[in-house]
Every structure is written in structure tokens, then in C-alpha cells.
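1. the sequence and its predicted three-dimensional model are supplied below.
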Amino acid sequence: MATPQPELELAWHRYIGDDRRLLDGLLARHREKQRRYHTATHVARVIRHIEELAAVEPVDHRDEVIAAAFYHDAVYEPTHPANERASARLALRDLTTLGWSNERAERVAAMIEATAHGDSGPSIGDTAILLDADLAILGSDRAAYSDYVASVRAEFRRVDDNEWRTGRASVLEGFLDRTTIYSTPTARALWEQQARTNLAAELAELDHER
């Protein structure tokens, strides 16, 4: 994928606001050296998938879903347990600076915190759109999925192989144990079957290595 900056600039001005300084600061965060998968390219892809799902699924506040996509990985340290909370706080600060009401900014923050993807059952409404778009990579073709796994492993390069295999297997099992990985009917139709195939294949490979 070519540099997504023009695409992101267009989405920012359409849905978020006119303050280019805040966008530039956000894009700078996504160029941090520890990132391999959680980059501006990922943000652009999530926004594309939001638009894809929103063409079919009901969305109450598309601008807020797009804002959550922009900020959901704004703070990202691979082994840090509170990235989502810190990203939500940053979004609250920036969006209120842009003139968003507290109510709108807080809805964005709540969606960002949900991208921790805890096992709390299927999401609903706008949050479901965001989370399904964020997880669309799981249902990609095998080559794209392999690239995703390699990029995430590179982000966790300071974690030794045994710890990585154990932690990653737990994540994969968590997704596979769900009744459905995706919350919206459209996402399930598009990605559920392939996601389960990809996750099961990766888990089998990890089990073989352990």
C-alpha cells in the first residue's frame, strides 16, 4: 500500500476537523520506531473497512467512528497494558481542542478503549463497526495474514520466543473460543470463515514449535 497520508488527510478534514497540526502530530506517532504493523497504513485500512461496513450496516455517528479509528493506536508500546486508555485520553484532549463536545469526544474515547478486544461478548452499534474493521486483517488472505503476523512479531522483538508463543497462543485461543469473532452480519459474511482458518493454522504452527 502506498503512503496513506493523502487518504488520511482527506478523511481527517471530512470527518474530524481542519487543524492540520493535530493530524501531523498523530501521524508522527504512527511513525515511531517500535511500530511495524500499528502504523498509519493500518489506520487507513481500518477507515476503509469502516466505510465498507457502513455502506451496509447502520451507523449512528460515522464521524465518531472514524475519529476512533484515527486515535485507537495513537499510543502504542507493544508490551504496555494501557495503550487503549492512553489513546482514549489523547483523543479526548485533541477532539475537545478541535471544538467537539464532551459528549461526542467521550463516545470516541469509549470506542477506543473497546479496541482492547476483551472477551465481553459481541459489540453493538458504532462500536461493533469499529472493532470489526480493526479485526478485518484476521480474515485476510493467507499472504496478508502472514505479513501481519510477522509485523506484530517484529513489534514484540524484545519478547523471547517462548514467551511470544505462549502469549500469542492465548490471544488466538481467545478469538477462536468466541461464538463469533465479528459482531456485524456483514463482517461475519466477509471475514469470519477465513479468520478462523488463519487463526487455527497459526495456532497449530505455534503448538508445533512449543
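-> Noted; the coordinates are in hand.
2. what's the burial count for Arg157?
-> Residue crowding around Arg157 was assessed by other CB atoms under 10 Å; the count is 11. The C-beta positions use only the backbone N, C-alpha and C, and glycine is treated the same way.
3. ok, Ala154 next?
-> 13.
4. what helix or strand does it sit in?
-> helix 142-155 (DSSP states H and E).
5. which residues touch the helix or strand following that helix?
-> Using DSSP H and E, the helix or strand that follows helix 142-155 in sequence is helix 161-176. Contact partners of helix 161-176, identified using CB atoms under 8 Å, 6 or more residues apart in numbering, comprise 119, 138, 153, 156, 159, 181, 195-196, 199-200, 202-203, 206-207, 209-210.
6. same thing but 10 Å
-> Contact with helix 161-176 is made by 79, 117-119, 135, 138, 149, 152-153, 156-159, 181, 195-196, 198-207, 209-210, as judged by CB atoms under 10 Å, 6 or more residues apart in numbering.
7. same check, this time on stretch 199-210
-> Against stretch 199-210 from outside (CB under 10 Å, 6+ apart): 138-139, 142, 145-146, 149, 161-162, 164-166, 168-169, 171-176, 181.
8. repeat that with 7 Å
-> 138, 149, 165, 168-169, 172-173, 175-176 (CB atoms under 7 Å, 6 or more residues apart in numbering).
9. report the two of the residues you listed separated the most.
-> The most widely separated members of the contacts of stretch 199-210, counting by CB to CB, are Leu138 and Arg165 (18.4 Å).
10. quick one, which of those two is more surrounded?
-> Taking neighbours as other CB under 10 Å, Leu138 and Arg165 compare with Leu138 leading, 21 against 16.
11. give me the nearest residue to Arg153, chain neighbours excluded.
-> Trp164 (6.7 Å; CB to CB, 6 or more residues apart in numbering).
12. brain fart, Arg85
-> Nearest to Arg85 is Glu113, by CB to CB, 6+ apart, at 6.1 Å.
13. does that neighbour count as helix, strand or coil?
-> Three-state call for Glu113 (DSSP: H, G, I helix; E, B strand; the rest coil): helix.
14. neighbours around it, how many?
-> Using other CB under 10 Å: Glu113 sits among 19 other residues.
15. do the same with Leu27
-> Around Leu27 there are 18 residues (other CB under 10 Å).
16. for it, phi and psi?
-> Here is the backbone geometry of Leu27 (degrees, to the nearest 10): phi -70, psi -30.
17. next one, pLDDT for the nearest residue to it once chain neighbours are set aside please.
-> Sequence neighbours aside, Ala40 is the residue nearest to Leu27 in space, at 5.6 Å (criterion: CB to CB, 6+ apart). Predicted confidence (pLDDT) for Ala40: 97.
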